[in-house]
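K.L.:
Build me a model from this:
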Amino acid sequence: MKFVGEKLEQLAIHDTEMKHANLLGRSAFNRFYYASFLVTRSTLAKLDPKWKMTPHAEIPTRLRKTIKNKVANVLKIQERKGVITASEKGRILSRLQSSTEELAEMLELAYDARIIADYIPEELIVKSGKIITLRNYKLTTAKTWPDRAHSYCKTILKVYEEVGLD
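P.N.:
Predicted coordinates:
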C-alpha cells in the first residue's frame, strides 16, 4: 500500500492537469492511511486474534484503553509478587502509553484525511511545488504514517513480550 501511495504522490506532483492531480493525490492519502491501518490491524491480531477485525473507528480506543488495561493488570500482579519494581512498572507503562497514544492520534488524523479524500470531493487538493495538501494535511506527512505505525506497533509488541503476554 505504501508503495502505491508513493507512486500516486509522484504522479500527482508531476501531472499538470489539476483534475488528474487532485484524483491521484486523494488516492495517495487513502493508500497511506490503509497502509497504516493494515500494519496496526496485523499487530492487533498478534496481540489477540479476536482483535483482527476491529472496526476502524474502534482502533484508537482499543489502543488507548484495552491494551493499556491488559498490560497494567499483568504488571500489577507482577509487582505484587515482587517480579518487578514500581519504577519498572512505571517505565513499561510509560513506554506503552507513549506508543499507543501516538499511534491512536496518528490513526485518527489519518482517518480524517482519508474521509476527506474519499467523501468530500468538492474539497480539492492544493499543489505548491512538490507539496500536496488536502485541507490541513500534507501528503509528505501522510507518507510517514505507515513507517510510524510500524514503529509504534513494534514497541507495543515488545512490551507485550516483555510482560509475558505474547
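K.L.:
All the strands of this structure, residue numbers only.
P.N.:
126-128, 131-134, 137-138 (DSSP state E).
K.L.:
quick one: which of these is nearest G5?
P.N.:
Comparing the strands of the chain against G5 with C-beta to C-beta, the closest turns out to be strand 131-134 (11.5 Å). C-betas here are computed from N, CA, C, even on glycine.
K.L.:
re the thing from before, can you add mean pLDDT and give the strands of the chain back as CSV?
P.N.:
Formatted as CSV, the strands of the chain follow (pLDDT from 0 to 100):
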stretch, mean pLDDT
strand 126-128, 96
strand 131-134, 98
strand 137-138, 98
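K.L.:
Tell me which of these approaches M53 most closely.
P.N.:
Judged by C-beta to C-beta, the one of those that comes nearest to M53 is strand 137-138, at 26.9 Å.
K.L.:
Within its local environment, how many residues does A21 see?
P.N.:
Other residues within reach of A21, judged by other C-beta atoms under 10 Å, total 19.
K.L.:
Distance of it relative to H14?
P.N.:
Distance, A21 to H14, using C-beta to C-beta, to the nearest Å: 8 Å.
K.L.:
ditto for L63
P.N.:
Relative to H14, and taking C-beta to C-beta, L63 is found at 37 Å.
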